[in-house]
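**Q** Quick one, what's the 3D model for this:
(chains A and B)
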There are 2 protein chains.
Amino acid sequence: MDTLTRDVFVELDRQDSLAGFRNQFELPAGHIYLNGNSLGVLPKAAKARAREVVDQEWGQGLIRSWNSADWINLPRRVGDRIAGLIGAEAGEVAVADSTSVNLFKLAAAAVKLRPGRSRILSEPGNFPTDLYILQGLETFLDGKVQLNTVDRDEILAAMDEDTVLVVLTHVHYKSGALFDMAAITRRAHEVGALVLWDLSHSTGAVPVALNEANVDFAIGCGYKYLNGGPGAPGFLFVAERHQAELQQPLSGWFGHANPFAMRDDYEPAEGIKRMLCGTTPVLGASLLEVGVDIMASADMSLIRDKSLRMGELFIELAGQRLSEYGFGIASSKDPAQRGSQVSLTHEQGYSIMQALISRHIIGDFRAPDILRFGFAPLYVRYVDLWDCVEAMAEIMANGEWDRAEYRKRTAVT
Amino acid sequence: MDTLTRDVFVELDRQDSLAGFRNQFELPAGHIYLNGNSLGVLPKAAKARAREVVDQEWGQGLIRSWNSADWINLPRRVGDRIAGLIGAEAGEVAVADSTSVNLFKLAAAAVKLRPGRSRILSEPGNFPTDLYILQGLETFLDGKVQLNTVDRDEILAAMDEDTVLVVLTHVHYKSGALFDMAAITRRAHEVGALVLWDLSHSTGAVPVALNEANVDFAIGCGYKYLNGGPGAPGFLFVAERHQAELQQPLSGWFGHANPFAMRDDYEPAEGIKRMLCGTTPVLGASLLEVGVDIMASADMSLIRDKSLRMGELFIELAGQRLSEYGFGIASSKDPAQRGSQVSLTHEQGYSIMQALISRHIIGDFRAPDILRFGFAPLYVRYVDLWDCVEAMAEIMANGEWDRAEYRKRTAVT
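**A** Numbering: from 1, shown residues only, chains lettered A, B, ... in the order given. Predicted coordinates for the structure are as follows:
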């Protein structure tokens, strides 16, 4: 293979049909941001929208904005737009709460749909909050359901007649590895189980076709590739066929058939609305809408093509420039098995990432030894990959990673 | 009693030692806003803070802001400031999720502390989401706990050895009626039950002394008297003595002892942090902090004095100016029994409120016949009460309420 040069990457950017999207985002000057898989960047339009929601809708409209600014329909309106990104229909997705709370609602409701079955299946090393929430459910139901984790290559074989629900993250948060959603969902249904997919690292990064795969339930994150802002509300999907029978325990007033009748008895709303709980976080949901709108205007197949090419080039570059420094690759070299990120490993990973960040090249570190680099195709340039790997090569060559200030640990990295 | 005049109210404003606070809020020109008990107004400082969080902390700081802007400590930091408003200690309050979700977490955890007891006690007509959440818990636990509602004057007598938890709203959302928190808490403890107070209509409006009353748990709303913005996160209180034993089912990663270790097994954090679930809604929590800071700078005894005086004057004015039009008073005339609002009743209440709103005098209507007027002492003037009642008298005298456009019902009023 030819040796890559920076000019190759410059040329790829020149030819990139997604290049125009970058201008829709605010990026700090002089930075390379490869952490959109953790917290997405600020859409320029979100700045103006935040002013509008705060100054006008809240400040001037006050309580009237529930109607006049249509706050009341935010969960469904933004949900419908997300539906288009994940192969769902309008009315199957709502924006609400956090990803963790949404998982609890759906998992708790799902296990009631298959009485007599007791096993929830997941994998070790799944995104921690998913496992924690399922453990909380297990304890809370006094062990009537048990969480069982098996390695990913044993998932298909582990499903049986006692399996009530399979909960997996479509794109792995650390390695970026991608599950075969259709095959796993099919097998689950063969044994009579239900499937819940966590799309936190998929939505807006890889194509997702929930209904084509006949998926039952899904959850996802608003602040990663959807660029909804820090702690943006999450979303949830319930296949239309399950909506009428689904009863979730967090039966707050926003999920009531007629919340403003203020009756004493809970009566679930029709459709996806019954999955809501408390008052919509208006500001968060409104800014999420901005990010979702940008994503919805992009062609997902172009996003996936660029993302895969970036992954491939990054791995190739790392092989050429970093091979002598002891790095490993935690991501699959098979693009079909890879989300929109590449993870390297290095025993000094933490310090190396700190050195990169101090050069304003921002990825992140996950214990014990993972350096994660996320490629959000709407704003990351090919040349950013070159510059990132060059910087790493310099950091390794000159021992820059080994400075004292890079060896401290902080709460969040 | 002397006939009141507008000059009396103008003079009261001149003498009001809280009058200076009004300038800290944005109020739409020409409006009288008596709905701060439903959605508080916009602090001027929140406009600047929203720009800072969006443009700088998110836009420029990106993922680094979890540390550099201290996002990670928002739940506890804002919680500590709220603690000062409700007679709690630092470390007993956290900001998280919605009021409804917080109620679920606390009630679900509380019923596990008193095994063998099965009855949750509340009152009919409690704020609906509280009853709905408790009904959801009941269903979810397959009836192992049952919600039992009894009229408020029977609550003390209804508590018994089977009562596990008493859940009441301190200030009633419709009538403004105030419970005797200390007496109810004391009686609950006598029978071995726990108590959870909903402070949604209390915090920032009436003095609350949780620890003095030996309260076990509380929840509250961020977007009413705390002026945190539409759908602001809620808060929760857990008395220090219960924190170590409390296990809540929504065990998401933000409640983990070490969330960024990304281990597979949930281990609850020490203290109030274990009550967190998903990623903090940064923007919402940051704007809530602005509202809380203003409230914390005001003297609660002055707030209560002004609020009571306003209620008294409003009731007196309504008696003088509206007696011929068929209004009733749903709020107690005894100030000790009244929160920071007065509710009138009228069979044409809906239309009358619509007519008021079209004059930019904003209260709200609650079925079947309640007109609610909330007095947020930091920004409502005495003269606003006069002008409101005058407008109502005119609306009744000239039949203005009976126009067709005021008789339509909309989704949210």
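**Q** Now do the domain split for chain A, please.
**A** Here the domain parsing of chain A from automatic domain parsing is A:6-43+A:300-406, A:70-296.
**Q** quick one: the last one to chain centroid distance?
**A** For domain A:70-296, the separation from the chain centroid amounts to 12 Å (computed by CA atoms, centre = their mean, to the nearest Å).
**Q** got a markdown table for the domains of chain A, with mean neighbour count and distance to A:D55 too?
**A** The C-beta positions use only the backbone N, C-alpha and C, and glycine is treated the same way. Shown next, in a markdown table, are the domains of chain A (neighbours: other CB atoms under 10 Å in any protein chain shown; distance: least, CB to CB, whole Å):
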| stretch | mean neighbour count | distance to A:D55 |
| --- | --- | --- |
| domain A:6-43+A:300-406 | 19 | 18 |
| domain A:70-296 | 22 | 12 |
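**Q** Let's have the ones you listed in CSV, adding mean pLDDT and distance to chain B.
**A** CSV is the format used below for these (pLDDT from 0 to 100; distance: least, CB to the nearest CB, whole Å):
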stretch, mean pLDDT, distance to chain B
domain A:6-43+A:300-406, 95, 4
domain A:70-296, 97, 3
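**Q** Columns distance to B:A239 on top of these, output as a markdown table?
**A** Shown next, in a markdown table, are these (distance: least, CB to CB, whole Å):
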| stretch | distance to B:A239 |
| --- | --- |
| domain A:6-43+A:300-406 | 34 |
| domain A:70-296 | 22 |
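**Q** out of these, which comes closest to B:Q348?
**A** domain A:70-296 (18.2 Å; CB to CB).
**Q** Sketch out the helices for chain A, chain order is fine.
**A** Counting by DSSP state H, chain A has helices at residues A:6-15, A:44-51, A:65-68, A:74-83, A:99-111, A:128-140, A:155-158, A:181-190, A:240-243, A:282-296, A:300-322, A:349-358, A:382-397.
**Q** helices or strands up against the fourth one?
**A** So that's helix A:74-83. strand A:93-96, strand A:234-238, helix A:282-296 (3 or more CB pairs under 8 Å, 6 or more residues apart in numbering or on different chains; DSSP states H and E).
**Q** With respect to B:S38, which of those lies nearest?
**A** Within the helices and strands packed on helix A:74-83, the stretch nearest B:S38 is helix A:282-296; the backing value is 13.6 Å (CB to CB).
**Q** Quick one: list the elements packing against that closest one.
**A** For helix A:282-296, the contact count by 3+ CB pairs under 8 Å, 6+ apart identifies strand A:42-43, helix A:44-51, helix A:74-83, helix B:282-296 as packing neighbours.
**Q** Out of the ones you listed, which is closest to B:K144?
**A** Among these, helix A:74-83 sits nearest to B:K144 (CB to CB), with 31.0 Å.
**Q** for chain A, what's the longest strand?
**A** As assigned by DSSP state E, the longest strand anywhere in chain A is strand A:163-169.
**Q** Give me the residues contacting it.
**A** A:103, A:107, A:110-111, A:114, A:117-123, A:126-127, A:130, A:134, A:145, A:155, A:159, A:179, A:184, A:188, A:191-198, A:200-201 (CB atoms under 8 Å, 6 or more residues apart in numbering or on different chains).
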